[in-house]
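**Student:** sequence first, then the predicted structure:
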Amino acid sequence: MNPMDQHEIPFEERQFRNRRLRRGIFLLPALLTSANLLCGYYAVVASLTGGWQNFDHAAKAIGFAILFDSLDGRIARMTGTNTEFGVQFDSLADMISFGIAPAVLAYAWGFRSLASASSLSLEQLGHVGWIFCLVFVICCAWRLARFNVQGMAPGNPKYFVGLPTPAAAGVIAALVHGLKFPLQDWRWSLAWFFLAAGLGALMTSTVRYYGFKDIPWKRKQPSLSIILVLFLIAVIWMYSEIVLVLLACSYVTIGVTLHIVRLLRHRMVSRTAST
């Protein structure tokens, strides 16, 4: 439309169009959060259906939920449409997609295909499985509530306190997607359930994880970070099974390793100061 023609539009109509545009901008983050919630719900249904293909679909759905979750908050901040309602809606969606969905997937993938359990009965293993997966769900809720109250790490907003819930869910989804076929040995299943509980413990821990909040997305000129992200997307598209497992496990491992290094360094400094 020619800018000169805008003066010919009645004021009431222009105001109505502006309200519609503003409403659409406010709805965009909510739609992305709803897409996140949809992916989590689908992951639960696919996990309950069973079969290695449905398990793989559930893992992919959790992966897409992580993508939508990373977009809704960023777009809300960029457009100035972040509200308290959006924060609470996002947390409830995250509870489904990154708490309940990966817990159900972990239990179904690690237990339902077992034929026999030799020295450990299937009934006992099933009890261990659902209890450890419940620990994952409770820790996810704890982590989300703590983040809503405390936010990022005090004094350093670049870091999260505790493993982020999308990262914990991403480890489970990446391993299911990478390995494809469900576990059929009770020993691997037991280790798998311990892994789920361990991820839950990391979510409630004080281990700091980098939040990627300071990446310069708003620069007018293409930056190296954007080029690297595009390259990473292409690699994931071609080699998703291997790359996603490496990314998810590396993120968790690096955070724990750096936390141990900081603790050891702090102890060494304390001992030096006391002597």
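**Tutor:** That came through fine.

**Student:** report the contact partners of residue 50.
**Tutor:** Taking C-beta atoms under 8 Å, 6 or more residues apart in numbering as the criterion, residue 50 is in contact with 108, 112. Bear in mind the C-beta positions are built from the backbone N, C-alpha and C, glycine included.

**Student:** with the one 10 residues further on instead?
**Tutor:** With contacts defined as C-beta under 8 Å, 6+ apart, residue 60 is in contact with 173, 177.

**Student:** just the pLDDT for it.
**Tutor:** Note for residue 60: predicted pLDDT of 96.

**Student:** report the contact partners of the residue positioned nearest the centre of the chain.
**Tutor:** Nearest residue to the geometric centre of the chain (C-alpha atoms, centre = their mean): residue 166, 1.1 Å. With contacts defined as C-beta under 8 Å, 6+ apart, residue 166 is in contact with 65, 66, 69, 70, 94, 98.

**Student:** quick one: which of these is the most crowded by neighbours?
**Tutor:** For the contacts of residue 166, the largest number of neighbours (other C-beta atoms under 10 Å) sits with residue 98, at 32 neighbours.

**Student:** shouldn't residue 82 be within a strand?
**Tutor:** No: Residue 82 is assigned coil when assessed by DSSP: H, G, I helix; E, B strand; the rest coil, not a strand.

**Student:** all strands for the stretch 151-275 of the chain, in order.
**Tutor:** Assignment of strands within the stretch 151-275 of the chain using DSSP state E, counting those that start in this stretch yields the ranges 159-161, 208-210.

**Student:** how about these in CSV, adding distance to residue 134, mean pLDDT and mean neighbour count?
**Tutor:** Shown next, in CSV, are the strands of the stretch 151-275 of the chain (distance: least, C-beta to C-beta, whole Å; pLDDT from 0 to 100; neighbours: other C-beta atoms under 10 Å):
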stretch, distance to residue 134, mean pLDDT, mean neighbour count
strand 159-161, 23, 90, 20
strand 208-210, 23, 91, 19
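
**Student:** okay, residue 86: pLDDT?
**Tutor:** On the pLDDT scale, residue 86 gets 82.

**Student:** which residues are contacting the helix or strand that contains it?
**Tutor:** Assigned by DSSP states H and E, residue 86 falls within helix 84-95. The contact list for helix 84-95, computed with C-beta under 8 Å, 6+ apart, reads 29-30, 33-34, 36-37, 40, 69, 72-73, 76, 140-141, 144-145, 148, 165-166.
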